[in-house]
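> structure for the following, please:
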Amino acid sequence: WFDDKTKLDKINKIISLEEGIAMATNAIRNVTDDDLIRMELISKYKREEDWKNQLATIRLEERREGMEKGMKKGMEKGMERGREEREIEIARNSLKKGLDMCMISEITGLTIEEIKKLREQI
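Presented below is the predicted three-dimensional model:
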């Protein structure tokens, strides 16, 4: 129906002659235009919100990964420090028992200099 140019021209002529119909048609067009603008704005808002949510998700993921790395590194340092303290404790006890410093060095992995310092503290 609307593909037929002559019929469409006749409809447009009637609309232009009849003031009431012309006003109603303009009102419908305005409403339709307003709706399109509103839909575009809503769509833009949704895209912006999606983008913000994606960015927030990425930041949370990066923060979580950073915390996991930090905790792992902290655990490793803590374990290493615990091993070192244990070796020092073993060296002190071995010195108290009169074991040779070379033997203590082999057992604990501490240097002779470190063992000498421990012996001075006992």
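> how near is residue 25 to residue 19?
In this view, residue 25 and residue 19 are 11 Å apart by Cβ to Cβ, to the nearest Å. All C-beta atoms are positioned from the backbone trio N, CA, C, and that covers glycine.
> quick one, which of those two is more surrounded?
A side-by-side neighbour count of residue 25 and residue 19, using other Cβ atoms under 10 Å, places residue 25 first with 15 against 9.
> how close does that one get to residue 12?
Residue 25 is 9 Å from residue 12, by Cβ to Cβ.
> overlap in contacts of the two?
Contact criterion Cβ atoms under 8 Å, 6 or more residues apart in numbering; residues shared by residue 25 and residue 12: none found.
> following the chain onward from whichever strand or helix holds residue 61, which element is next?
Using DSSP states H and E, residue 61 sits within helix 19-96. Next along the chain after helix 19-96, taking DSSP H and E as the criterion, comes helix 101-108.
> need the next SSE after that next one, C-terminal direction.
Per DSSP H and E, the first helix or strand lying C-terminal to helix 101-108 is helix 112-121.
> orientation of that next one relative to helix 101-108 in degrees?
For helix 112-121 against helix 101-108, the angle by axes from the mean of the first three to the mean of the last three Cα atoms, to 10 degrees is 110 degrees.
> now helix 112-121: average pLDDT?
When pLDDT is averaged over helix 112-121, the result is 95.
> for it, buried residues please.
114, 115, 118 (16 or more other Cβ atoms under 10 Å).
> and that helix, C-alpha only, in CSV?
Provided in CSV are the C-alpha atoms of helix 112-121 (Å, rounded to 0.1, in the frame of the first residue of the first chain):
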residue,chain,number,x,y,z
ILE,A,112,81.2,-20.6,59.6
GLU,A,113,81.1,-16.8,60.1
GLU,A,114,77.4,-17.0,61.0
ILE,A,115,78.1,-19.8,63.4
LYS,A,116,80.9,-17.9,65.0
LYS,A,117,78.5,-15.0,65.6
LEU,A,118,76.0,-17.3,67.2
ARG,A,119,78.7,-18.8,69.4
GLU,A,120,79.5,-15.3,70.7
GLN,A,121,75.9,-14.8,71.6
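> now for it, which elements pack on it?
Applying 3 or more Cβ pairs under 8 Å, 6 or more residues apart in numbering; DSSP states H and E, one finds that helix 112-121 contacts helix 19-96, helix 101-108.
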